[in-house]
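> the sequence and its predicted three-dimensional model are supplied below.
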Amino acid sequence: MQSTPQRNPLISNTTKKPRISLSAILNSYKESGRKSFAVLLDPDKVGQCDFTETVSRAVAHQADFFFVGGSLITDYVQHEMIAAIRQQTDTPIVIFPGNSLHIDPSADSLLLLSLISGRNPDLLIGQHVIAAPLLKRSGLDVVSTAYMLVDGGAQTTVSYISNTMPLPHDKPGVAACTAMAGELLGLKLTYLDAGSGARRPVPAALISAVRQAVDTPIVVGGGINSGEKAYEALQAGADLIVVGNGIEQNLDLLPEIASAVSSFNTKPVQNIQA
């Protein structure tokens, strides 16, 4: 008698469809020359009172995305944060995970980060294997991301937790080749990060070198604590900038960031660096 094939319990027959496609949105923005910004909300750093005000002001200044997550999450508030954002806005919510424990299906997207600037196998593939069955069933829009840490002048939580060295800030050629390798491996997004609380942002020369090396959308974060630094990153080739620590310390940074982004989006497309 022929045996009945057993269903793999890790594979769901009711996989939900993603609500959005972050990769498609960012590629569309890149092709049209549109720049965007995201507000990063770290569950361990944002008090509930400040959190509500931060979300409200980010919505008022037309933030394109909310990123939720961090390198080290020590409290069970991520899900509540996502629900609270949903109450105020339909702006897409993207999980920026520190590890496989940070998956939450109530968000819209998740950056599946492959830390290609380091050589820690757990963050190149190990955590991904653990997370894959949950992600497959989650209904989240999962975006494979070439995650590259860049020296921001101080050791950051992410470099410590990941046990990796960041890319040298003055070696744009190394960064370009690393990004190119990530694109050739099929990663859909390139994320250059100086880390939370960086003393200096990712250098414009490094962003420019990566922009010339890859066709993927480029995300830049860490150390962007002024409108001028936001403008420089966008001018160098960033498609999306992420601001977190700077806004935690100074909510008045939001209009500066929004103004820098808007200055690109009001220019003729042909004048915007791709």
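Looks like it came in fine.

> just the helices in this protein please.
Along the chain, the stretches classed as helices by DSSP state H are 22-32, 48-60, 78-88, 121, 127-138, 157-162, 172-184, 204-213, 227-236, 245-249, 253-265.

> least confident secondary structure element in the chain?
Among the helical and strand segments of the chain, the one scoring lowest on mean pLDDT, DSSP states H and E is helix 157-162, with a mean of 81.

> buried stuff in that helix?
By neighbour count on 16 or more other CB atoms under 10 Å, the buried set for helix 157-162 is 157-159, 162. For the C-beta atoms, the positions are set from N, CA and C on the backbone; glycine is no exception.

> could I get these in CSV, plus columns for distance to R57?
Below are the buried residues of helix 157-162 laid out as CSV (distance: CB to CB, whole Å):
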residue, distance to R57
T157, 25
V158, 26
S159, 30
S162, 31
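
> nearest to R119 among those residues?
S162 (10.3 Å; CB to CB).

> contacts only, for that closest one.
Neighbouring residues of S162 by CB atoms under 8 Å, 6 or more residues apart in numbering: 71, 115, 118, 120, 123, 149.

> how near is the residue nearest to the second one when sequence neighbours are not counted to G223?
Among residues not flanking L115 along the chain, L123 sits closest, at 4.0 Å (CB to CB, 6 or more residues apart in numbering). With the distance defined as CB to CB, to the nearest Å, L123 ends up 21 Å from G223.

> list the contacts of the residue nearest to T164 when sequence neighbours are not counted.
In this structure, T164 finds its nearest non-sequential neighbour in G118, 2.7 Å apart by CB to CB, 6+ apart. G118 is in contact with 124, 149, 162-165, counting by CB under 8 Å, 6+ apart.

> against T216, how distant is I116?
In terms of CB to CB, I116 sits 12 Å off from T216.

> for M165, same thing?
For M165 relative to T216 (CB to CB), the value is 23 Å.

> go on, N225?
Per CB to CB, N225 is found 26 Å from T216.

> show the model's pLDDT score for the residue lying closest to E256 once chain neighbours are set aside.
Leaving aside its sequence neighbours, E256 sits nearest to G227 (CB to CB, 6+ apart; 3.3 Å). We have a pLDDT of 97 for G227.

> surely G227 meets S263?
No. Counting by CB atoms under 8 Å, G227 stays clear of S263, with 9.1 Å between them.

> could you export the strand ranked longest in the chain as PDB, CA atoms only?
In terms of residue count, the longest strand belonging to the chain (DSSP state E) is strand 141-149. Output in PDB follows, covering the C-alpha atoms of strand 141-149 (Å, rounded to 0.1, in the frame of the first residue of the first chain):
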ATOM      1  CA  ASP A 141       7.000  41.100   3.600                       C
ATOM      2  CA  VAL A 142      10.600  39.700   4.100                       C
ATOM      3  CA  VAL A 143      13.300  41.800   2.500                       C
ATOM      4  CA  SER A 144      16.700  40.200   2.200                       C
ATOM      5  CA  THR A 145      19.200  42.900   3.200                       C
ATOM      6  CA  ALA A 146      22.900  43.300   2.800                       C
ATOM      7  CA  TYR A 147      23.700  44.800   6.200                       C
ATOM      8  CA  MET A 148      27.000  46.600   6.500                       C
ATOM      9  CA  LEU A 149      28.400  48.200   9.600                       C
END
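
> the inter-axis angle of that strand versus helix 127-138?
Interaxial angle of strand 141-149 relative to helix 127-138 (axes from the mean of the first three to the mean of the last three CA atoms, to 10 degrees): 160 degrees.
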